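S.K.: Whatever this is, show me its structure:
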Amino acid sequence: MNHPTNTRLQPQRAAAQGGFTLIELVVVMGILSGFLVMLVQLVGIGLRLFSEGELGQALADRSSQAQRVISEELRTLRGGVSGRDRDVCDDRLLVQSLPVGLPPRPEANASQVQVLRGSVHLPPDRELALLEAKITADILREQPDIKPSELSALLAARQQTEPLRGLGNLLLVPWRQADADDAILELRAAWFLPCQRIDLERDRSVDPFEVLVPGSPELPSTVVFAHTEPLLKDLLHVEFAFWSQRTQGWNRTSGSASGGAGPERIWDSARGGWLTDAASGGEWAFDRGAASRNDTTDDIQPHAILVLCVIAQPADLAPEGLLGLGLEADGTELTLLAGDRFPGAADGGWVKVRGEWMHYDALAGDTLRGLRRGQRSTKAIDHPAGVRVHVGRTVEFVIPIPHAKDDWNG
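M.R.: Take a look at the predicted model:
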């Protein structure tokens, strides 16, 4: 029996069997879009975590390097365990708080750094290099027209007569790093033989450890810079604190003035009347005047040195933060660009903008609130919008100084 065919239903069946409806396509596209968004977010999170891991490792490596380099130098300080070799080299440690760059006429309340000069034990290779440079300079001063072959022969002959004593002097001075943000510092260093003099002019020389204030006409800043070399670069801060017989803790709030329960920020082991006012590098409670300078029984040395060093983030990476609005010298709030990406702690921390350190109490959105300006011996200044806001990586470590010279006389 033949049944008639419903030809009106055939096109609809063919259409249903041959593709998706518009609603189905929209649903599928929505699902795919959701998966793509999730995939992009996951990739973005992975890349950010990878970048943060690389940055963290780079900062950790540089922090370890800074700790190793500074420790190696400060561990060579001669702590004055005995009076041996006093006729050769004094066991003096002198730390002053002086303006950055050691200008001859610093501005009022200028930002300051600690300049350290100290007697050290010299390793043989360093002492040999210093002796060679000194003897060469002496020969050229005596015989300016000497031939190179004669110079080499005379140098070798004089080197044979110079014994290695293992004694010398160290100069450490933080300096603004060239071709960098004003916030970036380098730690420069120089090593000298005992009583070594350096030339200032044609007929004038000076022992850099006999000058009261580096940067003064006696020892111009250009000479200091020329005789030092970068020991560490890309720093935001380097600071020393010294444990005296009166110190009760490293907490800086326990005694801000010299001679209190907190650590000392300046030091003169000879107590020779040098640290008596701000112009000379600070007022030191243990200073006894010029009569103490040559009294070796009157010397005092710190028990230990606390080093605080802040390592800057690599300059080729995106800034940790940017100033969203200009900040005046008396401002108490700092506005960031994209505060959600700022790595600083939400409950307070340290930031450096150009040459000024600030402490904030809280991060709220794009705003750092409760600013305390001009911290860490820096000057509060105006800052334009768009400059970098630095956080860096902080490392602290203590270096013990063996000695037998406390303030026995009270």
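
S.K.: and W250, what does it touch?
M.R.: A241, W243, G262, P263, L306, V398 (C-beta atoms under 8 Å, 6 or more residues apart in numbering). Glycine gets a C-beta too; all of them are placed from N, C-alpha and C.

S.K.: Any chance of the backbone angles for L39?
M.R.: Backbone dihedrals for L39, given as degrees, to the nearest 10, come out at phi -60, psi -40.

S.K.: Next one: it from G30, what distance?
M.R.: 15 Å (C-beta to C-beta, to the nearest Å).

S.K.: Kindly state the pLDDT recorded for V100?
M.R.: In this model, V100 is scored at 96, pLDDT.

S.K.: Can you classify the residue nearest to R197 when sequence neighbours are not counted as helix, strand or coil?
M.R.: The shortest distance from R197 to any non-neighbouring residue, by C-beta to C-beta, 6 or more residues apart in numbering, is to S205 (4.1 Å). Under DSSP: H, G, I helix; E, B strand; the rest coil, S205 falls in the strand class.

S.K.: So S205 versus T228, what's the distance?
M.R.: Using C-beta to C-beta, S205 is found at 17 Å from T228.

S.K.: And P194, by the same measure?
M.R.: For P194 relative to T228 (C-beta to C-beta), the value is 18 Å.

S.K.: Also I381?
M.R.: On the measure of C-beta to C-beta, I381 and T228 end up 26 Å apart.

S.K.: D298 too?
M.R.: Applying C-beta to C-beta to D298 and T228 gives a distance of 30 Å.

S.K.: now swap in I300 and tell me
M.R.: 27 Å.

S.K.: Tell me which of these two has more neighbours.
M.R.: I300 (22 against 18; other C-beta atoms under 10 Å).

S.K.: for stretch 351-369, which positions count as buried?
M.R.: If you call a residue buried by 16 or more other C-beta atoms under 10 Å, then stretch 351-369 has these buried ones: V351, K352, V353, R354, G355, E356, W357, M358, Y360, L363, D366, L368.

S.K.: Ok, stretch 269-287 next?
M.R.: Buried residues in stretch 269-287, counted by 16+ other C-beta under 10 Å: 269-275, 280-282, 284, 286-287.

S.K.: Stretch 376-394 now?
M.R.: Residues of stretch 376-394 classed as buried by neighbour count (16+ other C-beta under 10 Å): 376-381, 383, 387-393.

S.K.: Could you dump these into CSV and include distance to L151?
M.R.: What follows is the buried residues of stretch 376-394, written out as CSV (distance: C-beta to C-beta, whole Å):
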residue, distance to L151
R376, 48
S377, 46
T378, 48
K379, 49
A380, 54
I381, 51
H383, 54
V387, 51
R388, 49
V389, 54
H390, 48
V391, 52
G392, 47
R393, 47
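
S.K.: now those residues as CSV including pLDDT?
M.R.: Formatted as CSV, the buried residues of stretch 376-394 follow (pLDDT from 0 to 100):
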residue, pLDDT
R376, 95
S377, 94
T378, 96
K379, 95
A380, 96
I381, 95
H383, 97
V387, 95
R388, 95
V389, 96
H390, 96
V391, 95
G392, 93
R393, 93
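
S.K.: got a markdown table for those, with secondary structure and distance to D181 too?
M.R.: Putting the buried residues of stretch 376-394 into a markdown table (DSSP: H, G, I helix; E, B strand; the rest coil; distance: C-beta to C-beta, whole Å) gives the following:
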| residue | secondary structure | distance to D181 |
| --- | --- | --- |
| R376 | coil | 16 |
| S377 | coil | 19 |
| T378 | coil | 14 |
| K379 | coil | 16 |
| A380 | coil | 18 |
| I381 | coil | 14 |
| H383 | strand | 12 |
| V387 | coil | 8 |
| R388 | strand | 6 |
| V389 | coil | 11 |
| H390 | strand | 8 |
| V391 | coil | 13 |
| G392 | coil | 12 |
| R393 | strand | 16 |
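
S.K.: Please, where are all the helices along the stretch 51-200 of the chain?
M.R.: 124-142, 148-159 (DSSP state H, counting those that start in this stretch).

S.K.: Considering the contacts of W250, which possesses the most neighbours?
M.R.: Neighbour max across those (other C-beta under 10 Å) = P263, 24 neighbours.

S.K.: Where does the prediction get shaky in the stretch 251-400 of the chain?
M.R.: Residue ranges of the stretch 251-400 of the chain with pLDDT under 70: 252-256.

S.K.: circling back to that earlier point, quickly compare the helices of the stretch 51-200 of the chain and say which is most buried.
M.R.: Mean neighbours per residue, mean count of other C-beta atoms under 10 Å, is largest over these for helix 124-142, with a mean of 14.

S.K.: who touches that one?
M.R.: Helix 124-142 is contacted from outside by 122, 146, 151, 154-155, 158-159, 162, 164-166, 168, 191-193, 196, 199, using C-beta under 8 Å, 6+ apart.

S.K.: Give me the subset of those residues lying in strands.
M.R.: Among these, the members found in strands (DSSP state E) are G168, W191, F192, D199.

S.K.: Now that we have those, can you turn them into a markdown table and tack on pLDDT, distance to D138 and neighbour count?
M.R.: Listed next are those as a markdown table, based on pLDDT from 0 to 100; distance: C-beta to C-beta, whole Å; neighbours: other C-beta atoms under 10 Å:
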| residue | pLDDT | distance to D138 | neighbour count |
| --- | --- | --- | --- |
| G168 | 93 | 17 | 22 |
| W191 | 96 | 18 | 21 |
| F192 | 94 | 14 | 21 |
| D199 | 84 | 11 | 13 |
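
S.K.: Fine by me, we can end here.
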